[in-house]
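In: Please work out how this folds:
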Amino acid sequence: MKLKKTWMLLSAAAITTVSFAQQGDPKATEFYSPVPKVITPGKTAADAPSDAIVLFNGKNLDEWTSTNDTTKAAAWTVAKNILTVKKGTGNIQTKKSFTDYQLHIEWRIPANITGEGQARGNSGIFLASTGRGDDGYEIQILDCYNNSTYVNGQTGSIYKQSIPLANACKKPGEWQAYDIIWTAPRFNDDGTIKTPARVTAMHNGVLVQNNYELKGETRYIGAPYYKKHGPAPIKLQAHGDKSEPISFRNIWVREL
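Out: Next comes the predicted model:
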């Protein structure tokens, strides 16, 4: 009987608490500022929204430069609305530098691709280029459709750091897409890391990196580590393997 009475008292108290909350002012939890900016979305998820910076429009490389000599124009090939790696000319990067952003980029492994492992359609997107060559933070591009390699170097990996959550590769000859959210690292005045970089990535609509915290810049040999930098360009890699060059199209970015 005592337990029943205690339960009834607790139930009554709970009802009283709920009733009191319902009688409060709902406006106390309503906010009217800041008002989000109005953006016109594209007709499809792949189309650039109204606030995007179009990095490749199918016509020219006006938004790009050579990585190894930023005074020179990017030397890759543009034809039929497609950008194709021109091997031997080096990486290219955006003229503009970015901090945090949303990136959409489409790419295609050629149908006649040859080679195996890392020597089969190898390229990469450096989410922040911090110097010449391959300095920066790389998400891998590779033909991993029935092609095996080390898992932290396959398509969708943060190269040599984070294994992708899935292999969502299409077969060579088909267009594929990355949609990437990049949060740049922040540094203390003395150059030590304040907050690490983070990346979320979708490959062909499949989540392959889920807010992954990077351990530092990409290192082919040795452990990754950070070096202080600010806003940085986005870089595309002209890998030195002998397989047929890959292509890109429909590249746009939204600063966050």
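In: tell me the centre residue of this structure?
Out: For the chain, I180 is the residue whose C-alpha lies nearest the centre (C-alpha atoms, centre = their mean; 2.8 Å).
In: Remind me which helix or strand that one belongs to.
Out: Following DSSP states H and E, one finds I180 within strand 175-183.
In: Contacts for that strand, please.
Out: Here strand 175-183 makes contact (C-beta atoms under 8 Å, 6 or more residues apart in numbering) with 45-46, 98, 100-109, 125, 127-128, 139, 169-170, 197-205, 249, 256. Any C-beta I mention is one placed from the backbone N, CA and C, and that applies to glycine too.
In: among those, which ones are buried?
Out: Burial by neighbour count, 16 or more other C-beta atoms under 10 Å: within the contacts of strand 175-183 this picks out 98, 101-109, 125, 127-128, 139, 169, 197-204, 249.
In: Can you show me the helices along this protein?
Out: For the chain, helices defined by DSSP state H occupy the ranges 2-22.
In: can you list the weak-confidence ranges in it?
Out: For the chain, applying pLDDT under 70 flags the ranges 1-22.
In: okay, now A223: neighbour count?
Out: Other residues lying near A223 total 9 when counted by other C-beta atoms under 10 Å.
In: Same check on K80?
Out: Using other C-beta under 10 Å, K80 is surrounded by 8 other residues.
In: Return the distance of it relative to N152.
Out: To N152, K80 is 35 Å away according to C-beta to C-beta, to the nearest Å.
In: which residues touch the nearest residue to L256 once chain neighbours are set aside?
Out: Sequence neighbours aside, D100 is the residue nearest to L256 in space, at 4.2 Å (criterion: C-beta to C-beta, 6 or more residues apart in numbering). Listed by C-beta under 8 Å, 6+ apart, the contact partners of D100 are W182, T183, A184, E255, L256.
In: Of these, keep whichever come out buried.
Out: Those of the contacts of D100 that meet the buried threshold are W182, T183, A184, by 16+ other C-beta under 10 Å.
In: Return the set of residues that bridge with the residue nearest to the centre of the chain.
Out: Taking DSSP bridges as the rule, I180 bridges to L103, A201.
In: from memory G133 sits against N68, does it?
Out: Yes: using C-beta atoms under 8 Å, G133 is in contact with N68, at 7.0 Å.
In: what is in contact with those two at once?
Out: Contact criterion C-beta under 8 Å, 6+ apart; residues shared by G133 and N68: G90, N91.
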